[in-house]
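# Provided below for reference: sequence and predicted model.
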Amino acid sequence: MTSTQIRDIFDRIAPVYDQMNDWLSLGQHRIWKQMTVKWSRAKAGDTCLDLCCGSGDLTLRLSRVVGTTGQVYGVDFSPQLLAIAQQRSQQYSTAITWIEADVLKLPFGDNFFDTATMGYGLRNVIDIPLCLQELHRVLKPGATAAILDFHRPSNSQMRAFQQWYLDTLVVPLAHQLGLTEEYAYISPSLERFPTSQEQLKLAQDAGFTKATHYPIASGMMGVLTITKP
Ligand SMILES: C/C(=C\Cc1cc(O)c2ccccc2c1O)CCC[C@H](C)CCC[C@H](C)CCCC(C)C
Ligand SMILES: C[S@@+](CC[C@H](N)C(=O)[O-])C[C@H]1O[C@@H](n2cnc3c(N)ncnc32)[C@H](O)[C@@H]1O
């Protein structure tokens with residue numbers, strides 16, 4: 001798949017994206033995102049980056065932590081999702097900057113951010129090693145990033161449940177909304193996605209140390225935390 005095709009998928013699902021996440025995860029995605037913010041070690045006054053920010057869920061959570069003395073940047077290449085993020089952030093008094101850009105070519109100088117998050121973005125970028133290299137470049141030495149995404153459970157029953165859930169609930173519900181192909185894309189993208197061990201190796205190759213992968217939601221999701229030395 002090309003970057004343009006991926007951006008088009010997210011532009012098309014933008015109107016239903018947040019509602020579908022709430023319905024299909026029974027609201028659990030909010031908890032997974034809150035854990036990600038906690039593991040990013042963001043604190044008041046920090047300058048933070050949210051990669052592949054979409055409609056801004058993680059970005060807004062980060063902004064609550066950094067407060068009025070901090071600064072948060074949300075980067076995504078989907079104009080439709082960014083428009084939703086922009087609208088949501090109008091109620092916030094904290095400084096949030098939305099940037100339409102490719103995360104494989106970040107418009108920031110080296111060593112700029114105290115911390116970063118990424119929610120369900122790494123599986124969707126067309127070049128994961130390059131994405132991690134770019135993230136490494138823009139983080140300050142000592143900074144930690146937390147990356148949330150789907151994960152294939154090691155337990156075979158949970159793995160079967162995850163596949164059943166995607167095939168029998170997620171795709172048919174998306175079909176009712178005329179978005180079959182868009183949601184059917186999750187399963188093959190998860191099949192291609194590096195395992196936890198492979199993610200740790202990719203992070204080390206990009207220059208990160210202290211890389212840890214935490215399986216959450218019975219292993220159906222995972223958070224990779226990585227620190228720049
Ligand atoms: C917030 C979530 C997913 C975001 C997401 C990521 C993608 O890569 C997509 C690609 C194409 C279309 C949509 C998305 C997309 O929305 C995670 C939650 C939403 C999931 C659709 C629900 C998945 C549920 C788990 C497999 C099982 C959860 C069981 C539940 C806790 C009872
Ligand atoms: C599943 S959404 C996640 C949105 C949000 N982080 C969340 O957790 O709800 C994946 C996002 O990645 C973005 N994306 C994928 N590849 C990208 C790239 N190369 N540059 C910028 N954004 C990208 C898509 O536009 C989409 O908004």
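Here it is on my side, so go on. Ligands and ions are numbered 1, 2, ... in the order given.
# When you work out contacts or count neighbours from here on, use the C-alpha atoms and nothing else.
Noted.
# what's the spacing between Gln59 and ligand 2?
Wrong residue type there; residue 59 is Thr, not Gln. Separation of Thr59 from ligand 2 (Cα to the nearest ligand atom, to the nearest Å): 8 Å.
# Can you verify my assumption that that residue contacts Ala42?
No. At 11.4 Å, Thr59 does not count as touching Ala42 under the criterion of Cα atoms under 8 Å.
# So if I had to pick from these two, which one is more boxed in?
Ranked by neighbour count (other Cα atoms under 10 Å), Thr59 and Ala42 place Thr59 first, with 31 against 25.
# The more buried one: which element?
Here Thr59, judged by DSSP states H and E, is contained in helix 57-66.
# Quick one: mean pLDDT for that helix?
Taken as a whole, helix 57-66 has a mean pLDDT of 97.
# when you compare where the helix ranked longest in the chain runs with where helix 57-66 runs, what's the angle?
Identified as the longest helix of the chain according to DSSP state H is helix 28-40. In terms of direction (axes from the mean of the first three to the mean of the last three Cα atoms, to 10 degrees), helix 28-40 departs from helix 57-66 by 50 degrees.
# which parts of helix 28-40 are buried?
Buried residues in helix 28-40, counted by 16 or more other Cα atoms under 10 Å: His29, Arg30, Trp32, Lys33, Thr36, Val37, Trp39, Ser40.
# nearest residue to the fifth one other than its sequence neighbours?
Here the nearest residue to Thr36 in space, its sequence neighbours aside, is Ala146; by Cα to Cα, 6 or more residues apart in numbering that works out to 5.7 Å.
# So what angle separates the directions of the helix or strand where that neighbour lies and helix 28-40?
If you go by DSSP H and E, Ala146 is part of strand 139-150. Here the directions of strand 139-150 and helix 28-40 differ by 160 degrees (the same axes, to 10 degrees).
# thinking again about what came up before, the residue nearest to Thr36 - how many residues pack around it?
So Ala146, with other Cα under 10 Å, has 27 neighbours.
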